[in-house]
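*Asks:* After the sequence you'll find the predicted model.
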Amino acid sequence: MNPDAPKTILLVSGLSGAGKTTALKTLEDMGWEVVDNLPLVLLDRLLDTPIPHGHDEGDDRPLALGIDARTRGFDAGAIVQRIKALRTKYGHDVETLFLDCSGAELERRFAETRRRHPLAADRPAAHGIARERELTEPLRRWASQVIDTSSLSSNALQQEIRNRFAREGLSDPVLTILSFGYSRGVPLNADLMFDMRFLRNPYWDESLRARTGLDPDVAAYVMGDPAYEEALQRIEQLLTLLLPRYAESGKSYITVAFGCTGGRHRSVHVAERVARYLQDAGFSPTVSHRNMESAPQDALEKRRPGGPKAIS
């Protein structure tokens, strides 16, 4: 047995149309390794396969296996015995999730999608549903977790999967704090965007123009704006409220963008401050400064305070 084989294995089974595909896709988005419809005779080979070079998940990456009545060699009793062997012989943490659904709701779903039931190719869907329920009943009785999806929407099922199987750090969304310059175009991938152009602009201080928001003197200049502290505190409080909600909704990537005119001073400083705040609050942000290295230009800054509009 490969010592790097996953120690956490979740067998996902259930009735056709009950949501197995949705459950597996959600687990994959949460960072699980997912294999669907794997014949059980190949399970040992899968567990013995070395982790590809460059992957660092090691033992920490859990494995979800999708198995249903369509899987070659499906035998609910044999599956139960196979799971017991994995637990006792190899010491794996093996759970079974069974997705159930009422017959009437399954018939409605198959009629709505115009798909044939896999066990009733030339007969009404009700016949296939009854046959599949009979085949999978031993597995349902033995399953460690059962979710009845009769009254669940796809989004509700996704949320239920995240609530039950999220592992700390594995399913957290990738959080990026981005600074940018409006004069060089807005980022198209931002989930939240804050305009920092209401703060006084260090660009028009000759001693600060060539520096960036990483410079302490530039930071002090921006922080000296009377609106700075209250505005930043409110933004930070808003992010503390919203970011967990984005994570709960299943977003894999969250980008929070801060913009100023050129993307070199105000937005850079604010992005750094907010990233530090979020890190202290338990998040793991990555900071990116899109336009910080761009050359300063009067034409981009548009207007000098108290002076004429710059020539563009």
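*Replies:* The structure has been received and is ready for your questions. Numbering: from 1, shown residues only.
*Asks:* helix or strand right after the helix or strand hosting residue 13?
*Replies:* Secondary structure from DSSP states H and E places residue 13 in strand 8-14. Later in the chain than strand 8-14, the nearest helix or strand by DSSP H and E is helix 20-29.
*Asks:* What's the mean pLDDT across that next one?
*Replies:* Averaging pLDDT along helix 20-29 yields 91.
*Asks:* orientation of it relative to strand 8-14 in degrees?
*Replies:* 160 degrees (axes from the mean of the first three to the mean of the last three CA atoms, to 10 degrees).
*Asks:* Going by contacts, tell me the helices and strands next to helix 20-29.
*Replies:* strand 8-14, strand 33-36, strand 63-66, strand 93-100, helix 154-165 (3 or more CB pairs under 8 Å, 6 or more residues apart in numbering; DSSP states H and E). Glycine gets a C-beta too; all of them are placed from N, C-alpha and C.
*Asks:* what angle sits between it and helix 154-165?
*Replies:* Using the same axes, to 10 degrees: helix 20-29 against helix 154-165 is 50 degrees.
*Asks:* what does helix 20-29 rub up against?
*Replies:* 10, 12-14, 34, 36, 64, 66, 68, 97, 99, 147, 154, 157-158, 161-162, 165, 171, 250, 252 (CB atoms under 8 Å, 6 or more residues apart in numbering).
*Asks:* Give the buried subset of these as a ChimeraX selection command.
*Replies:* Of the contacts of helix 20-29, the buried ones can be selected in ChimeraX as follows, counting by 16 or more other CB atoms under 10 Å:
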select :10,12,13,14,34,36,64,66,68,97,99,147,157,158,161,162,165,171,250
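*Asks:* So which residue is dead centre in this protein?
*Replies:* Centroid-nearest residue in the chain: residue 252, 2.3 Å away (criterion: CA atoms, centre = their mean).
*Asks:* Please report the distance of that one from residue 102.
*Replies:* The gap separating residue 252 from residue 102 is 32 Å, by CB to CB, to the nearest Å.
*Asks:* quick one on the thing from earlier: give me phi/psi at the residue nearest to the centre of the chain?
*Replies:* Main-chain torsions, residue 252, degrees, to the nearest 10: phi -90, psi -30.
*Asks:* My understanding was that it contacts residue 173; is that so?
*Replies:* Yes. Using CB atoms under 8 Å, residue 252 is in contact with residue 173, at 5.5 Å.
*Asks:* For residue 202, give me its contacts.
*Replies:* 208-209, 211, 213, 218, 221-222, 265-266.
*Asks:* Apply the buried test to those residues and list what passes.
*Replies:* 208-209, 211, 213, 218, 221-222, 265-266.
*Asks:* which one of those residues is nearest residue 180?
*Replies:* Closest approach between the buried ones among the contacts of residue 202 and residue 180, by CB to CB: residue 266, at 11.2 Å.
*Asks:* quick one: contacts for that closest one?
*Replies:* Per CB under 8 Å, 6+ apart, neighbours of residue 266: 196-197, 199, 201-202, 213, 222, 258, 260.
*Asks:* on that earlier part again, if I look at the residue nearest to the centre of the chain, how far off is residue 109?
*Replies:* Using CB to CB, residue 252 is found at 27 Å from residue 109.
*Asks:* Equivalent analysis for residue 42, please.
*Replies:* 30 Å.
*Asks:* more neighbours, the two?
*Replies:* residue 109 (17 against 12; other CB atoms under 10 Å).
*Asks:* so who does the more buried one touch?
*Replies:* 17, 101.
*Asks:* Since that was my last question, I'll sign off now.
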